[in-house]
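**Q** structure, please.
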Amino acid sequence: MFFGTFTPKLDDKGRIFLPAKFREAMKDGLVVTRGQENALSIWSAAGFQRLTERIQDASLTDKGARDFVRMLFAAASDEVPDKQGRITIPPILRRYASLEREVVVVGAMNRLEIWNPERWAAYTEEQEPRYSALSDEVFPGV
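**A** Have a look, this model is predicted:
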């Protein structure tokens, strides 16, 4: 399970250090790809395999499913962290998420997300007032 908020920096080669607490789960490889809200998603190799298996059940005659699959897989990049725990964020994904030097890495249960800091701040400011209401709407009784 991935949780917490971290602020590593992109280096000149487009690499970031994975937060140390997640390196073990990602040591055998990971997939970084487009997420929602112009953030990136980082899945462990096993987690991305499970996601892929679920997506394979989607109907290819459904345009929404086709569009989602194209967007998710066209930008996906499989990475293996180096000995220092760094991974490369490909240019296409850096552009998608408007990443420059400063980034925010957020644990999101089954994946990590990488956000542009300004977008993350705006998102959390927007969501904070709705957080209590969302818990009843999404998870009644929790």
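
**Q** could you pull out the strands in the chain for me?
**A** Remark: strands assigned in the chain by DSSP state E are 5-6, 15-17, 30-34, 40-44, 77-79, 86-88, 104-107, 112-115.

**Q** got the buried residues for stretch 68-80?
**A** 72, 75, 76, 79 (16 or more other C-beta atoms under 10 Å). Placement of C-beta: from N, CA and C, glycine included.

**Q** what comes into contact with stretch 134-142?
**A** If you take C-beta atoms under 8 Å, 6 or more residues apart in numbering as the criterion, stretch 134-142 is touched by residue 127.

**Q** now do stretch 76-93
**A** Here stretch 76-93 makes contact (C-beta under 8 Å, 6+ apart) with 10-11, 13-18, 20, 23, 26-34, 40, 42, 45, 48, 75, 99, 114.

**Q** give the contact list for the closest residue in space to residue 1 that isn't next to it in sequence.
**A** Leaving aside its sequence neighbours, residue 1 sits nearest to residue 109 (C-beta to C-beta, 6 or more residues apart in numbering; 6.0 Å). Listed by C-beta under 8 Å, 6+ apart, the contact partners of residue 109 are 1, 2, 3.

**Q** which of those are buried?
**A** For the contacts of residue 109, a neighbour count by 16+ other C-beta under 10 Å gives the buried set as residue 2.

**Q** fine by me, thanks again.
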